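Asks: Below is the sequence, then the predicted model.
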Amino acid sequence: MTGHSLRRDLEPTLLEQFPAWSRLRDQPAGQRPFPCGGSARADFAARTFAMRSFLAIAEPRLRGFVEPEGWPFYCFGLWDEPTGSFALARDSVLASFGGTAATEALMARLHEWVELGMPSAASMPVRAFRTGQAPRPGPGEFLMTRGDTDFLWSAASPQ
């Protein structure tokens with residue numbers, strides 16, 4: 001989006017600039033392997049593109065981060081503010097901080113992504129409506145509001 005609908009808060013930022021990170025980094029709650037088809041740091045963004053584009057539509061708690069070295073060194077996380085937990089996918093590891101609720105939520109979304117056939121934004125039809133006028137999302141549909149527009153994305157298989 002550009003113009004008055006541009007939202008800079010959706011752009012990747014440095015992890016160190018994420019307000020909750022200074023507190024959460026000292027509260028590890030576990031980790032698991034998360035290679036996403038490889039192990040090189042520089043291609044993590046490319047390897048996770050379809051997954052991240054789906055998550056950006058389906059999961060409003062998703063956050064994107066650029067590593068201090070800059071692009072293409074990229075990682076992403078899910079911030080569950082009510083529980084104070086954060087899941088961080090970085091360097092082929094999925095780490096939990098401040099509890100595991102965010103990691104559990106991220107894993108549930110990833111299972112949903114697989115069940116829907118691993119769509120990316122490029123394969124999901126989208127319809128735009130004035131805010132408040134979109135139909136209620138059905139199975140495999142996701143409603144995203146940006147400014148004055150509701151976007152209804154569909155990952156459902158045609159019947």
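Replies: Everything's here; your move.

Asks: those helices in the protein, which residues are they?
Replies: Using DSSP state H, the helices found in the chain span residues 21-24, 44-47, 49-58, 101-115.

Asks: Quick one: distance of the first one to the chain centre.
Replies: Put plainly, it is helix 21-24. In terms of C-alpha atoms, centre = their mean, to the nearest Å, the centre of helix 21-24 is set 19 Å apart from its chain centre.

Asks: Show me the contact partners of stretch 37-52.
Replies: 36, 62, 64, 67, 71-76, 89-92, 110, 113, 118-120 (C-beta atoms under 8 Å, 6 or more residues apart in numbering). Every residue, glycine included, has its C-beta placed from N, CA and C.

Asks: Turn the buried ones among those into a named PyMOL selection, would you?
Replies: Buried members of these, defined by 16 or more other C-beta atoms under 10 Å, are picked up in PyMOL with:
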select buried, resi 36+62+64+67+73+74+75+76+89+90+92+110+113+119+120
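
Asks: May I see the helices of the chain organised as TSV, with mean pLDDT and distance to Leu14 added?
Replies: Formatted as TSV, the helices of the chain follow (pLDDT from 0 to 100; distance: least, C-beta to C-beta, whole Å):
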stretch	mean pLDDT	distance to Leu14
helix 21-24	94	9
helix 44-47	85	15
helix 49-58	93	17
helix 101-115	96	19
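
Asks: Would you tell me which of the ones you listed gets closest to Gly147?
Replies: Checking the helices of the chain against Gly147 by C-beta to C-beta gives helix 49-58 as the closest, at 16.0 Å.

Asks: For the lowest-mean-pLDDT helix or strand in the chain, name the packing helices and strands.
Replies: Least confident helix or strand of the chain, by mean pLDDT, DSSP states H and E, is strand 13-14 with a mean of 83. On a contact count with 3 or more C-beta pairs under 8 Å, 6 or more residues apart in numbering; DSSP states H and E, strand 13-14 meets strand 62-66.

Asks: which neighbours does the strand it packs on have in its sheet, and in what orientation?
Replies: strand 13-14 (parallel), strand 74-80 (antiparallel) (DSSP bridges).

Asks: closest one to Gly147 among these?
Replies: For Gly147, the closest of the strands paired with strand 62-66 is strand 13-14, at 20.3 Å, according to C-beta to C-beta.

Asks: Could I get the contacting residues of Ala102?
Replies: Shown in contact with Ala102 (C-beta under 8 Å, 6+ apart): Arg61, Gly77, Leu78, Trp79, Asp80, Thr83, Ser85, Phe86, Ala87, Ser96.
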